[in-house]
Structures are given as C-alpha cells and as structure tokens.
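**Q** Just a sequence and a predicted model for now, questions to come.
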Amino acid sequence: MRAAIEAILPQVVAWRRDFHAHPELSFAEHRTGARVAELLRGFGCDSVETGWSGTGVVAVINGRAPVGKNGRRRIGLRADMDALPISEASGVAFASTVPGVMHACGHDGHTAMLLAAAQYLTATRGFAGQAVLIFQPGEEAGGGARAMIAEGFLDRYPLDEVYALHNMPGLAVGAYASRPGPIMAAADMFSIEISGRGGHAAQPHLALDPVMIAGHVLVALQTVVARNVDPLKPAVLSVSTVVSDGSGACVVPGRVVLTGTVRSFEGAVQDLIEERLRAVVTGVAAAHGGVAVVEYLRDAPATVNDAGCAAQALAVARGLSAQVDGDVAPMMVSEDFSEFLLRVPGAFMFVGNGEGALLHHPAYAFNDAGLPFGAAWLAGMVEARG
Ligand SMILES: [Zn+2]
Ligand SMILES: [Zn+2]
C-alpha cells in the first residue's frame, strides 16, 4: 500500500500546498470544500455530498460486500479543513496568500492525507464494507463535528467505527503514537465580567476599582486546581486575557473582563471546577463590593479512545512503521473529533511531523514527508476494519 500511495505523492503534495496557500477560517472553508468534493468525484467515490454544516463534505466508498452482511463494517475516517487567524511566518514558498490567516495546525495536510486515502481506496477497493470519509468544517473554532452530528450525520451514516489523526511536531516523521482511553482533554471556556465604579485613580476611595478585584479573582482562581481538585487527576485552569475599559493611567475603569480556559479529563472534575470557579469569582468580587458575572461554556468533550479500536489502530500503524508508541502521554489540548468518539467507538492517532515549530505557531510548517504515513494509516484502517 505504501508503494501505491508513494506513487501518487507528488500530486498529494501539490493539493496540500494549494490548500496551504489558500487557508480559510472555521466554517468558511468554501474553496477548500469545493476542491475536496471535485477531487473526490474525480476519484470515482460512490457518493459525494457537500454542504454539511455549511462547507463539510462526506464521501462514500463501497468495498466488495454490502455493509451489515457477514459483519461488514461502515468505517468513518475524518479530516478537518480549517485554518487559524494567525499571520504566517513559516518562510515556505507556498505561504498563505490570505493576510492574517494560516494553516498553522496542519489541517491542510490532514485534508490531503484523507484525499490520498480516498484515491487509493477507490482505485483498489481492497476491503469488504464501506468507507465514509468526513471532511469537517470548524474544528479550530470548535463545534464543526457537533454541528454535523446535529444535522443528522450519524443517522444518515450509522458508523460502526471512526478514526482520525493529527500531525505532531516533535514526533519523528514515520512515527505514530496513540493510547487506549483518554488521549486529549475536555476544553471549557469562561468569561468573567467584573463591574465596579469608575473614577479618578488619585481618588480610589470614591470609586470601586474592578482592576484590583480582577487581580484578586485571578490569583484566587489558581486555588481551584491547587486546593480543590484531586492532585492525581489532571486539570488546568488558565486565565488568558485581562481587558479593562480603562482609558488611561489616571482613570479607574468601570469594568474588567477576564477570559480563560479549563482542561480536564473526567466529568466529575469538570463539574467541580465549574462549581468552584463560579463560587470563587462571585465570592471574591462580593468581598470587595463588586459584582461578577460568569459565563461558562463546555466546548469540546475529552477525546477518549475505545480500547479495542485503539489496539486496532496501533496494529495498523505497526504494519507501517517500527516507531509506534502505544502508550503516549495524554495531552491537555483538545480536539472536537471527541464528539464522534462520544457516540461511535474509534481512535485518534498522532502522526509524526518531525522537529520544528509547534502547532498554532506562526513559524509552524507541516512536513510533507509525513503525508504517506498519514494516508497509509487512514486507508489501512478501512482495509483492516471494513
Ligand atoms: Zn489547531
Ligand atoms: Zn489541529
């Protein structure tokens, strides 16, 4: 299989670089989705649907036997298509032509990998069941997978198993890494609006300073993970932005907004953190005479690999490479493929991107040498499980 994919590699690299030069933000993947659909039709997929949650594309490739007969399975493979609001500084010749937008997470590469798998699977049909290829919108902004599922994707395509991958800087090209059970965290987002009373900074006793309250809130929030969560259970609470409506060094502003994120793996920990965050914020603000309003949003659930599917995913990887880590450390980042894994057994795989800048960095560069490893693993999952 590797030889067949190597043979089409130059055009896969060309697709990838074309996507890279024309990045599109979450839910605006119009050009990308159209190009993906055009290529899938050209390969001879049995069906190609566009317009899932706006720009999503779903293609079906039938194997040699009908799904459901003799245990033949419908296997989902998912890629993400969106880019990030980052100004590219990678220095590559085919850099983004869209100011302020960049494929800094390698979703251009994931899309090209799944297209390569589609071309290989349509040409060879060396499997029994059915492959359902999912090119989803809106992974970065979040909600793309959830939106497709809400539109009835899993009713129309009742998957037996589902698989996806992500490139990983720092993991050698040709290496794979996964694990049974939790592999990426749940991501919650919060916003805290603290209201005081503006005034002259030289006369703070006549005002109610929300900046000072925000400082106490920020520090007190660090006790939630440190003093409330079981030390053996991973959790992160980060305050990431602090913005006041102040207009100068001598002005007490009327309002400060803090935003941040919470990461965890277990529902009980997630519930505890949300409850403590709300209590700490409102209590600290009240202690200083201010008022705080908390908005708390559960964005992506934890990504949890089915143990059996993870074993299958690792077995396929071992058939392709000697460098396979079957017990990679779980990461506190998140991934909305988790929405599929909540409902369908499956597994998520990391594929090596080699040394270089990390994901979401302006200097990040997807490594085309990893394309055949991702494509071969995706196609291999259908051949092994379909
Ligand atoms: Zn990303
Ligand atoms: Zn990503």
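**A** Done, it's in. Ligands and ions are numbered 1, 2, ... in the order given.

**Q** these two touch, right, Leu112 and Pro10?
**A** No, residue 112 isn't Leu; it's Ala. No. Applying C-beta atoms under 8 Å, one finds Ala112 not in contact with Pro10, separated by 11.8 Å. Where you see a C-beta, it was placed from the backbone N, CA and C, and this is true even at glycine.

**Q** so where's the stretch 251-386 of the chain uncertain?
**A** Along the stretch 251-386 of the chain, the model assigns pLDDT under 70 to no residue.

**Q** ok, Ala112 and Pro10, which is more surrounded?
**A** Higher neighbour count among Ala112 and Pro10: Ala112, with 29 against 8, using other C-beta atoms under 10 Å.

**Q** so that one sits in a helix?
**A** Yes. Membership of Ala112 in a helix is supported by DSSP: H, G, I helix; E, B strand; the rest coil.

**Q** Which secondary structure element is home to the closest residue to it other than its chain neighbours?
**A** Nearest residue to Ala112, sequence neighbours excluded (C-beta to C-beta, 6 or more residues apart in numbering): Arg16, at 3.8 Å. Element membership of Arg16 [criterion: DSSP states H and E] is helix 9-21.

**Q** all strands of the stretch 51-200 of the chain, in order?
**A** 56-62, 74-80, 130-136, 161-168, 176-177, 181-184, 186-195, 199-200 (DSSP state E, counting those that start in this stretch).

**Q** mind exporting the longest one as CSV, just the C-alpha atoms?
**A** It stands for strand 186-195. Output in CSV follows, covering the C-alpha atoms of strand 186-195 (Å, rounded to 0.1, in the frame of the first residue of the first chain):
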residue,chain,number,x,y,z
ALA,A,186,-12.1,18.4,27.5
ALA,A,187,-12.0,22.1,26.8
ASP,A,188,-14.2,24.6,28.6
MET,A,189,-14.1,28.3,28.0
PHE,A,190,-15.0,31.0,30.5
SER,A,191,-15.6,34.7,30.6
ILE,A,192,-15.8,36.8,33.8
GLU,A,193,-17.2,40.3,33.7
ILE,A,194,-16.3,42.3,36.9
SER,A,195,-18.2,45.6,37.3
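
**Q** Tell me the helices and strands packed up against that strand.
**A** helix 210-223, strand 255-264, helix 267-287, strand 291-300 (3 or more C-beta pairs under 8 Å, 6 or more residues apart in numbering; DSSP states H and E).

**Q** do the fourth one as well
**A** If you count contacts as 3+ C-beta pairs under 8 Å, 6+ apart, strand 161-168 packs onto strand 74-80, helix 107-124, helix 307-318, helix 338-343, strand 346-352, helix 371-385.

**Q** Quick one: closest of these to Leu165.
**A** Relative to Leu165, the nearest member of the helices and strands packed on strand 161-168 by C-beta to C-beta is strand 346-352, separated by 4.4 Å.

**Q** What residues of that closest one count as buried?
**A** Using 16 or more other C-beta atoms under 10 Å as the test for burial, strand 346-352 gives 346-352.

**Q** Could you list the paired strands of it along with their orientation?
**A** Within its sheet, and counting by DSSP bridges, strand 346-352 is paired with strand 161-168 (parallel), strand 176-177 (antiparallel).

**Q** Perfect, I'm done here.
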